[in-house]
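In: Prediction below, plus the sequence it came from.
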Amino acid sequence: MSNRRDRPYQQMKPLDILFGESQAVAEIVAIESICLPSQQPRRYFDPQAMQELVESVRQHGILQPMLVRSRADNKYELVAGERRYRAAKVVGLTEVPVVIRELSDQEAMQLSLIENLCREDLNPVEETEGILQLLALHLNSDIIDVTSLLYRMKNAADKQDESRHNVMPNSEAQVVEEVFTSLGLMTWESFIKNRLPLLNLSDDVLTALREGKIAYTKAKVIARIKDETVRQELLAVAIAENLSLTQIQSRIKAISSTSDPDERKERVEGTMRRVKQAKVWENQQKWSRLETLLAQIEELLVQE
């Protein structure tokens with residue numbers, strides 16, 4: 001291609017796994033020849049961090065090449081390095097360093113997802129979505145089916161109370177195990193317990209979490225408030241005053257104590273429905289805890 005010059009790029013250090021070799025040779029190509037992919041794992045860019053990168057690129061240029069793949073129209077599709085690409089566009093660079101690899105659609109998406117999951121500033125929502133996308137790619141499935149598979153694995157583990165290797169001995173479960181092992185971020189059990197619930201948060205809380213304004217442990221607690229106005233007010237205060245988890249829980253407790261009797265009744269009935277649906281009595285460990293709570297409730301009713 002006439003619009004690139006071949007030359008080694010000595011500054012490249014991180015993400016060698018993406019480039020396939022530690023001594024990959026970068027090439028200089030026209031930035032106008034690079035196109036963004038139709039599907040991109042990253043959705044949110046922190047404005048402050050982005051501005052800092054722009055200033056760095058303005059002073060020092062692109063210190064790490066982007067990863068691209070060739071297209072049939074003599075252009076390149078960006079695989080990894082979108083922040084650097086955007087910063088270069090803002091600064092007005094006409095040429096940028098890239099490593100070119102021949103990749104299939106699936107390989108390109110996988111590498112893009114891996115790069116996104118390797119980010120230091122990755123928030124829990126993006127991490128959760130990225131892992132689900134990576135699992136869907138490996139399982140050749142969609143995210144809904146992947147989520148269903150994860151919950152089936154968890155239910156089997158809870159029911160059998162055995163090691164996860166004996167829970168669901170099939171190829172899909174093995175793929176899930178392998179993906180989480182290769183990422184080294186968390187176990188699939190931890191992912192189901194602590195991360196999947198994040199995607200069910202209300203939009204206001206989810207947005208704050210995605211933008212890194214609040215920790216996910218705090219977000220999950222605030223999201224339990226059903227009254228939208230009350231929830232949004234507490235969310236705003238929690239962010240502005242950087243409330244601790246304990247402080248947030250105390251405020252929610254104070255709010256709950258003044259709730260309407262009808263809301264209290266609905267909460268009790270809703271909890272009982274969930275207990276029946278979950279068939280807690282079939283799980284010995286959960287039943288032992290519930291039995292203690294039931295005894296306390298029965299004692300309370302007798303006192304009344």
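Out: Arrived safely. Numbers count the residues shown, from 1 in each chain.

In: Residue 248: what's it in contact with?
Out: 218, 221, 222, 234, 238 (Cβ atoms under 8 Å, 6 or more residues apart in numbering). Backbone N, C-alpha and C define where each C-beta goes, glycine included.

In: Looking at the residues you listed, which is nearest residue 299?
Out: Residue 299 lies nearest to residue 221 out of the contacts of residue 248, by Cβ to Cβ, at 28.1 Å.

In: Identify the residues contacting the closest one.
Out: 245, 248, 249, 252.

In: The first one: neighbour count?
Out: Neighbourhood size, residue 245 [other Cβ atoms under 10 Å]: 13.

In: Against residue 32, how distant is it?
Out: 48 Å (Cβ to Cβ, to the nearest Å).

In: likewise residue 130?
Out: Taking Cβ to Cβ, one finds residue 130 at 29 Å from residue 32.

In: more crowded one of the two?
Out: Between residue 130 and residue 32, residue 130 has the larger neighbour count (other Cβ under 10 Å), namely 23 against 11.

In: for the chain, longest strand please?
Out: Ranked by residue count and defined by DSSP state E, the top strand of the chain is strand 95-101.

In: From the rest of the structure, what touches the lengthiest helix in the chain?
Out: Identified as the longest helix of the chain according to DSSP state H is helix 284-303. Here helix 284-303 makes contact (Cβ under 8 Å, 6+ apart) with 161, 275, 278, 280, 281.

In: Pull the most distant pair out of those residues.
Out: 161 and 275 (19.7 Å).

In: Where does the nearest residue to residue 139 once chain neighbours are set aside fall, secondary structure wise?
Out: Spatial nearest neighbour of residue 139, excluding adjacent residues (Cβ to Cβ, 6 or more residues apart in numbering): residue 175 at 5.7 Å. In this assignment (DSSP states H and E), residue 175 forms part of helix 171-183.

In: Show me what counts as buried in that helix.
Out: Buried residues in helix 171-183, counted by 16 or more other Cβ atoms under 10 Å: 172, 173, 175, 176, 177, 179, 180, 183.

In: Now do the same contact list for the residue nearest to residue 139.
Out: By Cβ under 8 Å, 6+ apart, the contact set of residue 175 is 135, 138, 139.

In: If you rank the residues you listed by neighbours, which is first?
Out: That'd be residue 135 among those, by other Cβ under 10 Å, with 24 neighbours.

In: Hmm, that one is touching residue 179, no?
Out: Yes: counting by Cβ atoms under 8 Å, residue 135 does reach residue 179; the two are 5.7 Å apart.

In: What are the buried residues along the longest helix of the chain?
Out: Under 16+ other Cβ under 10 Å, helix 284-303 has no buried positions.

In: For it, what does the pLDDT average out to?
Out: Average pLDDT, helix 284-303: 79.

In: hmm, back to that, so of the contacts of residue 248, which ones are in helices?
Out: 218, 221, 222, 234, 238.

In: What is the end-to-end distance of stretch 136-148?
Out: With Cα to Cα, to the nearest Å applied, stretch 136-148 spans 11 Å between its terminal residues.

In: May I see the buried residues of that stretch?
Out: Across stretch 136-148, burial judged by 16+ other Cβ under 10 Å covers 136, 137, 138, 139, 141, 146, 147.

In: picking that back up, from the buried residues of helix 171-183, which single one is nearest residue 82?
Out: Of all these, residue 183 has the smallest distance to residue 82: 20.1 Å, by Cβ to Cβ.
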